[in-house]
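1. Prediction below, plus the sequence it came from.
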Amino acid sequence: MVTPLEKARKDPDSMKARILKVARRMFGEYGYHGTTTRMIAQEVGIDISTLYYHWGEKGDLYESVILDINTDLRNHLAQVEKVIHGLPLARRMEIAIDKVTDFLFECPEISNLILFQYFRKTRKEPNLDFHVPDVISDVARSMNLCRAHDPVPTGASMKVLAMMNAIYNFISGEDFFREMLQLKREEYIDRSKETLKFMLIPAFTN
């Protein structure tokens with residue numbers, strides 16, 4: 001049976017896709033508990049019964065948002081890997097930081113929702129998984145921190161987590177940091193990538 005998410009991804013102009021796009025942004029901005037289905041419906045310009053018809057309950061829509069974001073992130077990382085495969089590590093990291101950071105600045109809800117998962121309070125959210133361990137393993141192997149088919153050592157996973165967390169924080173902290181530094185968005189993005197390269201490339205290549 002075709003899921004609502006599969007239908008939305010297949011037809012980006014459909015009502016399902018319109019609702020999904022708004023839900024991604026609003027869950028990314030306000031989190032699961034700070035977002036209501038009524039807020040999403042109002043933003044889309046529909047009544048709440050239409051939202052329920054297309055997506056069911058709030059938890060169902062949130063789950064689809066998480067799955068959609070996870071798919072987008074995995075697909076983008078796979079595309080980056082095709083570009084950087086076989087290059088020296090420093091060059092791989094330079095290209096990957098540019099491409100991943102640009103992608104996440106275009107889709108800040110990805111970083112926001114991942115950080116919400118890190119730092120959520122005790123109130124229970126739907127039991128959902130970003131497949132973070134899979135992403136960590138993919139990145140670790142891309143960076144030659146372990147051999148292709150071997151389990152990823154804990155130390156390698158921690159290094160990848162530190163790198164990913166640095167990137168996520170520059171994305172999710174954009175409004176705060178830009179105001180503090182008095183930077184326009186384009187300059188902030190450039191400076192973020194420059195700083196990430198300054199921190200991360202020597203850490204992994206020296």
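-> That came through fine.

2. which parts of the longest helix along the chain are buried?
-> The longest helix of the chain (DSSP state H) is helix 58-84. For helix 58-84, the buried set under the neighbour-count rule, 16 or more other Cβ atoms under 10 Å, comprises 58, 61-70, 72-73, 76-77, 80, 84. Yep, even glycine has a C-beta here, placed from its N, CA and C like the rest.

3. Work out for me the element the most centrally placed residue in the chain sits within.
-> Centroid-nearest residue in the chain: Ile110, 2.7 Å away (criterion: Cα atoms, centre = their mean). Here Ile110, judged by DSSP states H and E, is contained in helix 108-119.

4. Please, where are all the helices along the protein?
-> When assigned using DSSP H, the helices of the chain occupy the ranges 4-10, 15-34, 37-44, 48-55, 58-84, 89-106, 108-119, 132-142, 154-172, 174-181, 185-205.

5. Show me where this structure dips below the pLDDT cut-off.
-> Along the chain, the parts satisfying pLDDT under 70 run over 118-133.

6. Thr37 is in contact with Tyr52, correct?
-> Yes: when contacts are counted by Cβ atoms under 8 Å, Tyr52 is listed as touching Thr37 (7.3 Å).

7. higher neighbour count, these two?
-> Using other Cβ atoms under 10 Å as the criterion, Tyr52 and Thr37 rank with Thr37 on top: 18 against 15.

8. residues contacting the more buried one?
-> Contacts for Thr37 (Cβ atoms under 8 Å, 6 or more residues apart in numbering) come out as 48, 51-52, 57-58, 61.

9. swap in Ala78?
-> Asp138.

10. how far away is it from Thr3?
-> 21 Å (Cβ to Cβ, to the nearest Å).

11. excluding its backbone neighbours, what's nearest Pro108?
-> In space, Pro108 comes closest to Ile171 once its chain neighbours are excluded; the distance is 5.3 Å by Cβ to Cβ, 6 or more residues apart in numbering.

12. Closest one to Ser142 out of the contacts of Thr37, please.
-> Closest to Ser142 out of the contacts of Thr37 is Leu61 (32.3 Å), distances taken as Cβ to Cβ.

13. one step back: indicate which one of the helices of the chain is closest to Ala148.
-> When the helices of the chain are ranked by distance to Ala148, counting by Cβ to Cβ, first place goes to helix 132-142 at 5.9 Å.

14. which parts of the closest one are buried?
-> 132, 135-142.

15. Distance to Ser192 for those residues - can I get that in CSV?
-> Listed next are these as CSV, based on distance: Cβ to Cβ, whole Å:
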residue, distance to Ser192
Val132, 22
Val135, 20
Ile136, 22
Ser137, 26
Asp138, 23
Val139, 19
Ala140, 23
Arg141, 26
Ser142, 21
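
16. Of the residues you listed, just say which sits nearest to Ala166.
-> Val139 (12.9 Å).
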